Each structure stands twice: as C-alpha cells, then as structure tokens.
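Peer 1: Sequence plus the predicted model coming up.
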Amino acid sequence: MAAASDAVKTARAALQDQRYFDGVQIVNGALEVQQGVLTKIQSGGYATSTEDKQEILRNPEVFLKRVLPELDEAKRKHLAELFVLRTDLLMGLGALKRAVLDISAALLLAPDDEAMAKKKSDIEGLLKTGMSASEGSAKTPTTIITGFLGAGKTTLLNYILDANHGKKLAIIENEFGEVGIDDSLLNTKSSVTEENVIEMNNGCICCTVRGDLIAGLKKLHKQTTGKGKPLDGIIIETTGLADPAPVAQTFFADEFVSANMMLDGILTVVDSKHIVGQLQEEKPQGAVNEAVEQIAFADRILLNKTDLVDELVLEKVESEIRRINNTAAIRKTQNSRVDMEFILGIQAFSLEKVLMQISQSVEEEAAHGHGHHGHEGHESHEGHSHSHGHGEDCKECDHSSHKRHDYRVSSVGIQRDKEVQKDKLDSFISWLVQTKGPDLYRSKGVLAVHGMPQKFVFHAVHMQFSGRQHEAWGPDEKRQCKMVFIGKNLDREDLNKKFDECLVK
Ligand SMILES: Nc1nc2c(ncn2[C@@H]2O[C@H](COP(=O)(O)OP(=O)(O)OP(=O)(O)O)[C@@H](O)[C@H]2O)c(=O)[nH]1
C-alpha cells in the first residue's frame, strides 16, 4: 500500500504543478497494478492471458462492476481516490468526456459521496455548454496584435473593424482595465505600466500573467456573454509592451480566462522600412530587443508599408525575419490591408492545428536549417537557413555580415522517425524548464511516446505548457517526433543531443 500512496502523492503534486500528462501516466500505472491484483484474486491466483490489461482505464465501470464484491472498504476508498484524481487530471488536459467516465467510476465505489456527485454534474454541465477545460467552440477567440511603434497596428485594427461588419468584436488596448467594444477607444492611447504583471506561483520566473488584462476580460465577458450578447472575437493591441508573453500566458494560466476565451493567434505588424534597423539595434547587456521578441512570438507577420521599400529590401527583411522565426506565415501589406482569413480564426493555439502546422514547419526546417555551429570563424548564428553544403566559397551566404545577423533568437526544429521513452522525455522537459524556461519563447510539437497509441501534442509560451493525447497513430502512419522551438540563445546541437537521449534505442 506504501507504493500506492506514493503514486497518489506524486500524481497530486503533478496536478498541482499542472503537469497533467505526467499525472495521468502515474495514476494509469497505479490503476493497472490494481487491476492485476484484483484479476488475480478473481481467477484464484492466476492472471488470465486473455484479459484486457487496460480495462480499468478503458472501461472502468464495466471492470468495477465485475470486481465490486471482492472490494473491502479500504480498497474502494483507494480506487475512488485514484479515479477522482484522474478526473481532475483529465479535466486539465481538456478531456471532459473521459473525465465523466472516471468520476462515474468513482461514484460506483462511493455512491453517497456528495462532492463526487457534484463534480460529475459540473463536468456534464461543461460538456453541454461546450466549454472544455482547454479548447472549446463556446470560447471567444482572441487575437493579440504586436509590433513596433508606428508599424501599423492601429491601421490594422481599423481595417479589421471596417472589414468585419457582420462580426461583433471587442478591442482591448493599453490599459487593460478599459475595454472598448466595436469602434470605441481606438484613438485613446495611454501608457502601460509593468506593475500589473503578476508572477505565477508555480515558481517559474518566466510564467507571468497580467492582472489588469484578466480584470478587463472578466468585465468584457460580463458586459457581453453575461448579458446574452456573446462576442465573435476579442482583439488585444499591445502597444508599448515589450513582451507579448504575459498577455499570451494569461490565456493558459487564468482559470476564468481559459474557460471562456481562447487565444487564436499572435499577429506582428512590421514596418518594412525600419525593421532591419530595429532588429539590429544594440541593446544594453541583458535588455531585450522588443522588435526581435515580437517577431519570435508571432504566428502571423504582416510585412507592412511595402510602398516605402523596393523588392530587394523586402527580400532582405523577409530573410532576416526567417532567421528569428521560421514558422510564422508572412504576408506583404500596404496600410495593413490583409485577408481576414490570414489573421482571424487561425487557431494557432489549437492542438488540432499544431498537429497540421508542425509537419510543414519541421519539414521546412529539416530541409533548410542547419545552424552554423562549428562553422569556423563565425559567431553563433543559429537559425540561418540553407540546404546546401557549406564552405568558404558559399555564395548564398553573406559571410561578412554574420555578426550583424546574430539576433540570439532563432528557431530550432527537430524531427526523428523514432519514439521517445516517457521517463527520459520527462527529464528532457524538466531540463528545458530549468535551464531554458525564460529563453524559450514558443514551442510546439507532436510526439510518438513509447507505449502510447495516441499522438502526444503540445504547445507552450515560455514554460506555460498545454498538451494532451490526441488521435491515435494510423496503422500505416510512421510513428515519429517533430518539434519546433523558438527562443533566445538556443543551442541547436545541445537540444538535438539532449532530445536524442530520450529516444527508444
Ligand atoms: N506609407 C505607409 N504608411 C502607413 C502604412 N500603414 C500605416 N501607415 C501610417 O503609419 C503611421 C503609423 O501607423 P499606426 O497604425 O498608427 O501604427 P501603430 O503601430 O499603431 O503605431 P503606435 O500605436 O504608435 O505604435 C500612420 O500615419 C499610418 O497612416 C503603409 O502601409 N504605408
């Protein structure tokens, strides 16, 4: 029983830290052990070879009904505890339907438990309204617009509002406590202080949320959905903010916000004429270059003010952007005019979309990106992309300007046609958290975990992580791992080496 209570303790800690996936694995292990023990008792001491070894996980009620007569009070209590724990973990992963199965199993074991009965009806209520814990169609899609001063953000906002006659959009800008619906507030800019940035209490220094934004979103929800007039979308303009991360993380971290809104995507507007200078601006040691960060976080980039530059400059700007972020889609614009489909409803933070995007971006990265590590005579120059062999006579590469191009922020893609070992993957993730957390801006991936029939899909802003098991791998599908990391000072070789240590040999 000591091992069993250890499992409960460790899974509870995982729940606390929002490591839902780890927690589920621990509880699964403990439940499988219980099934083994109970099946042996029923079959007179022998394990049957035909049993479904995961029946307790797949069909908990069927299994429990069969073994119920054998269970003493202590066993019932322990099993119920495991099922309740798994319910909470599954909720964290957004798997509400599975969570209902588990809480029903717990209720079979403890039919008079009022807290469990309430939990069950709460989850069923959430299922009915379509509000899942992680993704759901009832949530209001929210778009973050970033970009350097004067790049064309307000021009874009006005364009969106004009273009969307049929849609009811709310705009939140600057002072997040103030909320403008439709066309109000567009021209009342005021400065933003960093006082409202709150550190999360999970001990990770890079995970912060904005208290004023949460308050603003709550107020907005009350004024709209709360009065039976739901919105079609929310747009947040982050003028004056160096770092879009605390805004983005609010959508992962705050319970109210994540239950009612979903982050649709981060748009970065770029002034084509000035961006190269902005990117290359030397900052005092330790200070961030806002322009570089805004590009690193982007899902979509508007290369604006194309009327002020020629094609050659645009090409250069595009290649500079690609060195920082080679997964965001780029569109050239004038006066921020762009198809709405390119910027709204993009679901960049939906795990389903990650699954689709990741293949494309990692394959591109695998085809082009080689980094310049070990490239004698050069400073580190990650993310620099070519598919050719590399020598001093390399014509495509402007070797004289390597130093200028070193933004310290780059994308690293990893693709392996192998499975990862779960325990080693956990160590890899904790190594990432401990050593790279603040430097890792965006990451996403699809993993084949040894022993797991489903794809494991994740994305993260810094270490604010969202991931869950997705559809099963197809019978003819190659089980493989694909990931993209965008961040500062990423050592491509080190990341590859550390990840390779997690692979099943
Ligand atoms: N030539 C040219 N001017 C543009 C374009 N897009 C926007 N502008 C102008 O650039 C100026 C700045 O545009 P805004 O939309 O206010 O930029 P912003 O990013 O909101 O600026 P801040 O709020 O100060 O950060 C305005 O005068 C716009 O009319 C463009 O494509 N070409």
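Peer 2: Cool, the structure landed.

Peer 1: which parts of the protein sit against the ligand?
Peer 2: Within the chain, the positions adjacent to the ligand are 147, 149-155, 239, 304-305, 307-308, 334-336 by Cβ under 6 Å from any ligand atom. Yep, even glycine has a C-beta here, placed from its N, CA and C like the rest.

Peer 1: Return the subset of those residues lying in strands.
Peer 2: 147, 304 (DSSP state E).

Peer 1: Between all of the residues of the chain next to the ligand, which two are at the greatest distance?
Peer 2: Farthest apart among the residues of the chain next to the ligand by Cβ to Cβ are 239 and 307. That separation is 22.7 Å.

Peer 1: When those two are compared, which one has more neighbours?
Peer 2: residue 239 (18 against 10; other Cβ atoms under 10 Å).

Peer 1: got a pLDDT number for the more buried one?
Peer 2: According to the prediction, residue 239 has pLDDT 66.

Peer 1: Could you do residue 163 as well?
Peer 2: 72.

Peer 1: Please identify the helix or strand for residue 251.
Peer 2: Here residue 251 sits within helix 245-253, counting by DSSP states H and E.

Peer 1: if I look at residue 419, how far off is the ligand?
Peer 2: 46 Å (Cβ to the nearest ligand atom, to the nearest Å).

Peer 1: what residues are up against that residue?
Peer 2: Neighbouring residues of residue 419 by Cβ atoms under 8 Å, 6 or more residues apart in numbering: 448-450, 479, 481, 503-504.

Peer 1: what about the helices in the stretch 401-505 of the chain?
Peer 2: Per DSSP state H, counting those that start in this stretch, the stretch 401-505 of the chain carries helices over the ranges 422-436, 492-500.

Peer 1: quick one: buried residues of the shortest one?
Peer 2: Just to be clear, that refers to helix 492-500. By 16 or more other Cβ atoms under 10 Å, the buried positions in helix 492-500 come out as 492, 495-496, 498-499.

Peer 1: what's the closest of those residues to residue 9?
Peer 2: residue 498 (28.4 Å).

Peer 1: got the contact list for the nearest residue to that closest one once chain neighbours are set aside?
Peer 2: Computed as Cβ to Cβ, 6 or more residues apart in numbering, the closest residue to residue 498 that is not its neighbour in sequence is residue 428, at 5.8 Å. By Cβ under 8 Å, 6+ apart, the contact list for residue 428 reads 498-499, 501-502.

Peer 1: Do I have it right that residue 442 meets residue 294?
Peer 2: No. The criterion here is Cβ atoms under 8 Å, and residue 442 misses it with residue 294 at 12.0 Å.

Peer 1: Pop the domain breakdown of the protein in here.
Peer 2: 2-129, 140-349, 352-386+395-500 (automatic domain parsing).

Peer 1: Quick one: mean pLDDT over the shortest one.
Peer 2: Within the predicted structure, the mean pLDDT of domain 2-129 is 83.

Peer 1: ok, so of the buried residues of helix 492-500, who is nearest the ligand?
Peer 2: residue 492 (32.9 Å; Cβ to the nearest ligand atom).

Peer 1: pLDDT value on residue 359, please?
Peer 2: pLDDT recorded at residue 359 is 64.

Peer 1: got the contact list for stretch 472-483?
Peer 2: So stretch 472-483 is contacted by 358-359, 362, 413-420, 443-448, 453-455, 499, 503 (Cβ under 8 Å, 6+ apart).

Peer 1: Straight-line length of that stretch, end to end?
Peer 2: 18 Å (Cα to Cα, to the nearest Å).
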